[in-house]
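Chemist: Coordinates for the following, if possible.
(one chain, ligands or ions: 2)
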Amino acid sequence: MSDNNNPKSLFDKLWERHIVVPETDESPAVLYIDLHLVHEVTSPQAFSVLNERGLKVRRADRTIATLDHSTPTLPADKNGELPYFTAEAKSQVETLIKNTAEHGIELFGMGDPRRGIVHVIGPELGATQPGKTIVCGDSHTSTHGAFGALAFGIGTTEVGHVLATQCVLQRKPKSMRVTFEGTLSSGVGAKDMALAMIAQIGAHGGQGYAIEYAGEAVRDLSMEARMTLCNMSIEAGARSGMVAPDEKTFEWLDGRDMSPKGEAWTDAVKDWASLATEEGAKFDKEVVVDAANIRPMITFGVSPDAAGAVDAIAPTPKTDPELHAAEYMKFEAGRPFADAIVNRVFIGSCTNSRLSDMREAAMIMRGCKVSKGVIALVVPGSEAVKRAAEAENLHKIFLDAGAEWREPGCSMCIGMNGDQGAPGELVVSTSNRNFIGRQGTGVRTVLASPATAAASAIEGRIADPRPYFENKKESA
Ligand SMILES: CC(C)[C@H](C(=O)O)[C@@H](O)C(=O)O
Ligand code: SF4
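Modeler: Ligands and ions are numbered 1, 2, ... in the order given. I've put the predicted structure just below:
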């Protein structure tokens, strides 16, 4: 605990608790890692290095592995064969199965009811907890910061370091507080907050910083929505984003498989409650976002900061990269975004594939039909989300509307499993990256919330979800 003369931020506390060797001018700090998450794409090389050098995994009990990026979202065929996209995808999966078995690491593999996108299952299992340092060879590890953890992505070389030593070398980032002032209006959610913030500070605005999200609109968010917000921190250039743990956090974690139990739970909650940023704590940078005026957001370019309100008109490009992006995306300056014809819709990814996202999309699609000519894919983030959604019959709503209901995984967020759009198609996607070719060669990606994506699927154009919220309210 700090005294009032030295008020500390959540980030300071998390950092200090994990220093094994302090940082000097010559060398970064050695930081202890509480939880290491592993998936099939960034781990093979790391395990190879370990095996070549005859090293063991230091703490297999603090390491969990899942299969998500390369896994098919279509079921096995008659012979029980999964339809892998490429030999490489299949090999990544087989390699992780082999490596985890050899090193005694728990793997949530195909058919395991706990499998899912790495950033969805960590929290779901209760493995993600306040106060922890969490790493994964994956940039969207920032998602776990929603619980008041210091969570960041690492490279494959570092994955090897963590496997072997349970530590990473890190320079302490600068701190930034992003305060969302006011409350959100109906039909606006965490995805819109993230895109509005990134549009405001830029895709590099958070570079070199650890972000803490604060303010009334953040406190009001559910845990799932906080995960959406923290997930997108990386798209603002920051490696981590976090929210101070509170009653909502504790309630969400209570009773989960890996959450502490009994007396250990009581002690943990007491400790977690002491982590919040103290009054007067200093940040290297303060940013204020006007939450009350955020409208549903979409991206119109090829970087997540090219974002605007769904009911706005396409801006006139000012720079060469903007011109290039506008040519690629085919948004004509001065015309409403809502004029753009949509070919495909993807509802999923570690940004927006949790139960609340499924519910939001289903609320909009209930009793409606996906527009003719639009292919809509709904991909739950985990087996648990899939089960929970099916228990509420959400899958029926999607199927009745003419959308596809798939098996959990990263799917069209990155297309590594073969779920991709066709060249030239406009895809409204609830994922986090609109880079050229991310969802398939020549695909034009528009990032949006589940509500906006669902509304766009129905209307066949980029659509404002707000009228649906009004109508459902009236008919409720
Ligand atoms: C495959 C993996 C290395 C990558 C990442 O680190 O983010 C992926 O998850 C992504 O979203 O682009
Ligand atoms: S869902 Fe997308 S962003 Fe998330 S881990 Fe998978 S590929 Fe990366």
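Chemist: so what's F435 closest to, chain neighbours aside?
Modeler: Nearest residue to F435 in three dimensions, chain neighbours excluded: V302, at 6.1 Å (CB to CB, 6 or more residues apart in numbering). All C-beta spots, glycine's among them, are computed from the backbone N, C-alpha and C.
Chemist: Check T316 too.
Modeler: A333 (4.2 Å).
Chemist: what residues are up against that neighbour?
Modeler: Each residue near A333 by CB atoms under 8 Å, 6 or more residues apart in numbering is listed here: I313, A314, P315, T316, P317, A326.
Chemist: which element is the fourth one on?
Modeler: In this assignment (DSSP states H and E), T316 forms part of neither any helix nor any strand.
Chemist: Touching, it and G334? I think so.
Modeler: Yes. T316 lies in contact with G334 (CB atoms under 8 Å); the separation is 7.2 Å.
Chemist: continuing past the strand or helix carrying V159, what's the next helix or strand?
Modeler: Element membership of V159 [criterion: DSSP H and E] is helix 156-165. Scanning forward in sequence from helix 156-165 by DSSP H and E, the next helix or strand is strand 167-170.
Chemist: quick one: average pLDDT of that next one?
Modeler: Strand 167-170 carries an average pLDDT of 98.
Chemist: Which strands and helices lie in contact with it?
Modeler: Counting contacts by 3 or more CB pairs under 8 Å, 6 or more residues apart in numbering; DSSP states H and E, strand 167-170 is packed against strand 29-32, helix 156-165.
Chemist: In it, which residues are buried?
Modeler: By neighbour count with 16 or more other CB atoms under 10 Å, strand 167-170 contains the buried residues C167, V168, Q170.
Chemist: for the second one, what are its contacts?
Modeler: Contacts for V168 were tallied using CB under 8 Å, 6+ apart; they are V30, L31, I33, V135, I154, E158, H161, V162.
Chemist: Do you have the strands of the stretch 1-150 of the chain handy? List them.
Modeler: Counting by DSSP state E, counting those that start in this stretch, one finds strands in the stretch 1-150 of the chain at the ranges 19-21, 29-32, 35-38, 63-66, 106-108, 133-136, 150-153.
Chemist: what's the closest non-adjacent residue to the residue in the chain that ligand 1 sits nearest to?
Modeler: The nearest approach of the chain to ligand 1 comes at S139, 3.5 Å away (CB to the nearest ligand atom). Leaving aside its chain neighbours, S139 sits nearest to G153 (4.1 Å; criterion: CB to CB, 6+ apart).
Chemist: The one you found: neighbouring residues, count only.
Modeler: 18 (other CB atoms under 10 Å).
Chemist: Any residues of this protein in contact with ligand 1? List them.
Modeler: Proximity of the chain to ligand 1 is confined to V41, T42, H69, D138, S139, H140, G153, I414 under the rule CB under 6 Å from any ligand atom.
Chemist: Just put those in JSON lines and tack on pLDDT.
Modeler: Listed next are the residues of the chain next to ligand 1 as JSON lines, based on pLDDT from 0 to 100:
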{"residue": "V41", "pLDDT": "98"}
{"residue": "T42", "pLDDT": "98"}
{"residue": "H69", "pLDDT": "98"}
{"residue": "D138", "pLDDT": "98"}
{"residue": "S139", "pLDDT": "98"}
{"residue": "H140", "pLDDT": "98"}
{"residue": "G153", "pLDDT": "98"}
{"residue": "I414", "pLDDT": "98"}
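Chemist: and which of the residues you listed is nearest A76?
Modeler: Ranked by distance to A76 (CB to CB), those are led by H69 at 18.4 Å.
Chemist: picking that back up, just give the number of residues close to the residue of the chain closest to ligand 1.
Modeler: Residues near S139, counting by other CB under 10 Å, number 18.
Chemist: Provide a list of residues in contact with it.
Modeler: Neighbour list for S139: G153, I234, R239 [criterion: CB under 8 Å, 6+ apart].
Chemist: Wait, V289 touches G182, no?
Modeler: No. If you go by CB under 8 Å, V289 and G182 don't touch, sitting 9.3 Å apart.
Chemist: of the two, who's got more company?
Modeler: Comparing V289 with G182 by other CB under 10 Å, the one with more neighbours is V289, at 23 against 14.
Chemist: name the element that one belongs to?
Modeler: Applying DSSP H and E as the criterion places V289 in strand 285-290.
Chemist: Sheet partners, orientation included, of the helix or strand following that strand?
Modeler: Note on strand 285-290: by DSSP H and E, the next helix or strand toward the C-terminus is strand 297-299. Next to strand 297-299 in the sheet, as set by DSSP bridges, lie strand 307-309 (antiparallel).
Chemist: Which residues belonging to the longest strand seen in the chain are considered buried?
Modeler: Longest strand in the chain by number of residues (criterion: DSSP state E): strand 174-181. Buried residues in strand 174-181, counting neighbours by 16+ other CB under 10 Å, are found at S175, M176, R177, V178, T179, F180.
Chemist: about what we covered before: is it possible to mark the buried ones in the contacts of V168?
Modeler: Those of those that meet the buried threshold are V30, L31, I33, V135, I154, E158, H161, V162, by 16+ other CB under 10 Å.
Chemist: Mind pulling up the pLDDT for the spatially closest residue to the fourth one that is not a sequence neighbour?
Modeler: Using CB to CB, 6+ apart and skipping the chain neighbours, the partner closest in space to V135 is I154 (4.9 Å). According to the model's per-residue confidence, I154 sits at a pLDDT of 98.
Chemist: Brilliant, that's me finished.
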